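[1] give me a 3D structure for the following:
(chains A, B and C)
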Amino acid sequence: GEDAAAETEQAGEEASVFKEIKVTKENKVYSILLNRPAKKNAITWLMYNEIVEALDQASKDDSVTVAVITGAGDYYCSGNDLGNFMNIDPKDMPKMARDGRELLRRFVTAFIDFPKPLIGAINGPAVGVSVTVLGLFDAVFATDKATFHTPFTELGQSAEGCSSYIFPKLMGNTKANEMLLFNKKLTAHEACERGLVTEVFPQDVFQKEVQTRVEYVAQLPPQSVQEGKKLVRDQERQQLHSANEKECEVLEGRWLSEECVRAIMSFFSKKARL
Amino acid sequence: GEDAAAETEQAGEEASVFKEIKVTKENKVYSILLNRPAKKNAITWLMYNEIVEALDQASKDDSVTVAVITGAGDYYCSGNDLGNFMNIDPKDMPKMARDGRELLRRFVTAFIDFPKPLIGAINGPAVGVSVTVLGLFDAVFATDKATFHTPFTELGQSAEGCSSYIFPKLMGNTKANEMLLFNKKLTAHEACERGLVTEVFPQDVFQKEVQTRVEYVAQLPPQSVQEGKKLVRDQERQQLHSANEKECEVLEGRWLSEECVRAIMSFFSKKARL
Amino acid sequence: GEDAAAETEQAGEEASVFKEIKVTKENKVYSILLNRPAKKNAITWLMYNEIVEALDQASKDDSVTVAVITGAGDYYCSGNDLGNFMNIDPKDMPKMARDGRELLRRFVTAFIDFPKPLIGAINGPAVGVSVTVLGLFDAVFATDKATFHTPFTELGQSAEGCSSYIFPKLMGNTKANEMLLFNKKLTAHEACERGLVTEVFPQDVFQKEVQTRVEYVAQLPPQSVQEGKKLVRDQERQQLHSANEKECEVLEGRWLSEECVRAIMSFFSKKARL
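    Sure thing, here's the model as predicted:
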């Protein structure tokens, strides 16, 4: 709407016209709305690029002290849009996999290196890469309607978003494997117990509670907060980058594997039958 | 029984005749039963070797997608058989300690490097090294009758199984010390809260619930699962090997220490008085 | 009183006359009482030095098997005494910050390298550095009246005590940030769920329950316990020292920053108005 357009303009000359996300800036808070509600905010190649660009804007804008990501509609995000893999000529598969690997690497890097507090407002179900990168957020608030699901092995794929490093550190190997290898879908409360989520709120007060917390963070002494975040992140920045590289490399191989191709075809043929 | 023998044969020519474990193979699942129920499945030098060999078989058998370890009878495993230390001529103690160190190192290495999903089905109390290596499993299911106890310092010994690295990572120093230094025995639910156990089931549904989960894992795309496990394990494989080396080195010293010799003598004299 | 004096003498010729802590030794237990109850045991430059010296005594005294730290009165410790920053001539600020950095580094080092079990008996609210160093203790027992608060960014400061390394490892980034960046005050039970505290006891049985546990630890085979602690600590001793160095360096910069100076002035002017 017009309001959104006006808010975007506040971001100054760096503001781009985004197509699949909506960006607003207000009172030091830079908000990124994943904005494909009809597709459960599934992430297309374009949306990956737009998120990277938005994070870059938020990072460089001195009037911004905190960034927030949330989803439009009932879903937070259904993960990587499997349409990214459709209608690819078999002879173009290797190039698609190579490009996808590089794009994913850049996407996750943007989260590793984002220098300001990054808050996730998980307004509904979250799937795949939209779950794994949460380990790189500084705070994650979830409605009690949210779920967290990373069914990589069911699709013949493998984990990304630094989750192969962060999830075992966060919840231990057995609980991390339950998610990353054995595809357990967590409730918001389970995700909170495991440290992936900071706090869970009932749906009807979710927006209000998140806003209170975002406003609190926005007014803290920004240098103090950023140096504090940097202290923590620097302890493992190298491991995070190297986990990201390795995960993307393995995933490129997975995308070209028979297991993965067969699983994705099966996914689409089931969908077509519905 | 005959069935078990037939199943073992399925494992093909690599199958050995094991004496203190029983191995079966069925529907891609390789099962290892710790089989000294009269001794609460305490691990003798022979049993260490047999487990290493069984894991090696499961690893190399392409028809196997998952391995499971459980115990015969009411106990899962009472840990290292202290009989391993009995009737040693004092002059042979250094050799016993050296050999024990090397065997333990090989035993734990087999768990660190096992490439397929490894599931623990903890059917009753677990003690000592049978608890510590659980940190190297990919999933651990426990009956609510299970307990987890590592009374190393009461026996003048020290932690192994990479627990000096994994337990603090899993549950933090204070909770890890409670187990590894201060000998607290955990219930199954406590072990689950700390991330050592994936899920706890009531005794009467335990076998069935475990079977459901094992079957689910067995039919997942195997390369996807193994590459996913490798991604996680590779992040810390070096630290695990080096923790294992160091722990075994310290333990060799402990076995020759006056504190340990006195504690073990006291253990046997108490037992003899019962 | 006289008893305390007598007990202190037991510590032998190394015993110093401490002014802001009180040290007692009894049955292998070396106890350090933070002893400025009128100031909620806030840590002055002198008290930092005295704690370092006391830990050194406890470390070298062969008759000591365990050390305990607790607070006099209703508070455990209100953290760094902000009076440390008062009445400093602006031209002396850089020297104050440099000296403070070095003292803090030495203080935290004494905790990293303390070779015997170190137990915290948290008798009431704990603030700031008195919370962060708990991650270096081997067991932490808290009364249910205790709280845990590290409002660094509200004061324009940043985390110390190796918490930038330990807290994320202990409770994951999101929960660690909640404390270290976003200033959430934890109850004792919350601190226990996050692994910062080993066990929580009702106020009326707190002393007795702690004593039971301290006595148990005191009589364990001391070499076994110390080698067990060393195994765990050695896995991350280097990271701890380097986290400590880095944190103190950042904090020196913070103390000289406008954000911090303004926040501390504001703290004192509010206090003056009360």
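[2] quick check: which element contains the closest residue to chain B within chain A?
    Proximity of chain A to chain B (Cβ to the nearest Cβ) peaks at residue A:172, 3.1 Å away. Using the backbone N, CA and C atoms, a C-beta is placed for each residue, glycine as well. Using DSSP states H and E, the element containing residue A:172 is helix A:163-180.
[3] residues touching the nearest residue to residue A:245 once chain neighbours are set aside, list them.
    Computed as Cβ to Cβ, 6 or more residues apart in numbering or on different chains, the closest residue to residue A:245 that is not its neighbour in sequence is residue A:105, at 6.6 Å. By Cβ atoms under 8 Å, 6 or more residues apart in numbering or on different chains, residue A:105 lies in contact with A:244, A:245, A:248.
[4] strands of the stretch 101-250 of chain A, start to end?
    For the stretch 101-250 of chain A, the strands defined by DSSP state E, counting those that start in this stretch cover A:118-122, A:126-127, A:139-143, A:147-149, A:186-187, A:199-201.
[5] okay, the ones you listed in TSV with mean neighbour count and distance to residue C:261 next?
    Shown next, in TSV, are the strands of the stretch 101-250 of chain A (neighbours: other Cβ atoms under 10 Å in any protein chain shown; distance: least, Cβ to Cβ, whole Å):
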stretch	mean neighbour count	distance to residue C:261
strand A:118-122	27	28
strand A:126-127	27	42
strand A:139-143	26	27
strand A:147-149	21	43
strand A:186-187	20	45
strand A:199-201	19	33
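[6] mean pLDDT and distance to chain B for these - can I get that in a markdown table?
    Shown next, in a markdown table, are the strands of the stretch 101-250 of chain A (pLDDT from 0 to 100; distance: least, Cβ to the nearest Cβ, whole Å):
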| stretch | mean pLDDT | distance to chain B |
| --- | --- | --- |
| strand A:118-122 | 98 | 22 |
| strand A:126-127 | 98 | 17 |
| strand A:139-143 | 98 | 19 |
| strand A:147-149 | 98 | 15 |
| strand A:186-187 | 98 | 13 |
| strand A:199-201 | 98 | 18 |
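[7] just give the nearest non-adjacent residue to the residue in chain A that chain C sits nearest to, would you?
    As assessed by Cβ to the nearest Cβ, chain C sits closest to residue A:195 within chain A, at 3.1 Å. Leaving aside its chain neighbours, residue A:195 sits nearest to residue C:172 (3.1 Å; criterion: Cβ to Cβ, 6+ apart).
[8] surely the one you found touches residue A:167?
    No: applying Cβ atoms under 8 Å as the test, residue C:172 and residue A:167 come out as separate, 9.5 Å apart.
[9] mind listing what residue A:48 touches?
    Residue A:48 touches A:103, A:104, A:106, A:107, counting by Cβ under 8 Å, 6+ apart.
[10] and the first one, what does it touch?
    What it means is residue A:103. Residue A:103 neighbours (Cβ under 8 Å, 6+ apart): A:45, A:48, A:49.
[11] if we can go back for a sec, tell me which of residue C:172 and residue A:167 has more neighbours.
    residue A:167 (29 against 24; other Cβ atoms under 10 Å in any protein chain shown).
[12] how close does that one sit to residue C:215?
    From residue A:167 across to residue C:215, the span is 40 Å (Cβ to Cβ, to the nearest Å).
[13] before we move on, the earlier item: now the common contact residues for residue C:172 and residue A:167.
    If you check residue C:172 and residue A:167 against Cβ under 8 Å, 6+ apart, the residues they both contact are A:135, A:196.
[14] list the buried residues of stretch A:210-225.
    A:210, A:213, A:214, A:217, A:218, A:220, A:221, A:222, A:223, A:224, A:225 (16 or more other Cβ atoms under 10 Å in any protein chain shown).
[15] again but with stretch A:172-189, I slipped
    Buried residues in stretch A:172-189, counted by 16+ other Cβ under 10 Å: A:172-184, A:186-188.
[16] now the end-to-end length of that stretch.
    17 Å (Cα to Cα, to the nearest Å).
[17] what's the answer for stretch A:179-199, then?
    19 Å.
[18] off-centre distance for it?
    Relative to its parent chain, stretch A:179-199 has a centroid offset of 15 Å by Cα atoms, centre = their mean, to the nearest Å.
[19] give me the neighbour count for residue A:257.
    When neighbours are counted by other Cβ under 10 Å, residue A:257 registers 18.
[20] how close does it sit to residue B:224?
    Taken as Cβ to Cβ, the span from residue A:257 to residue B:224 is 8 Å.
[21] so residue A:33 belongs to a strand, correct?
    Yes: the assignment for residue A:33 is a strand, going by DSSP: H, G, I helix; E, B strand; the rest coil.
[22] quick one: contacts for the nearest residue to residue A:198 once chain neighbours are set aside?
    Using Cβ to Cβ, 6+ apart and skipping residues adjacent in sequence, the residue nearest residue A:198 is residue C:174, 4.4 Å away. Residues counted as contacts of residue C:174 (Cβ under 8 Å, 6+ apart) are A:137, A:138, A:139, A:140, A:195, A:196, A:197, A:198.
[23] what pLDDT does residue C:174 get?
    Predicted confidence (pLDDT) for residue C:174: 95.
[24] do you know how far it is from residue A:250?
    26 Å.
[25] can you check residue A:20 too?
    Residue A:20 is 27 Å from residue A:250, by Cβ to Cβ.
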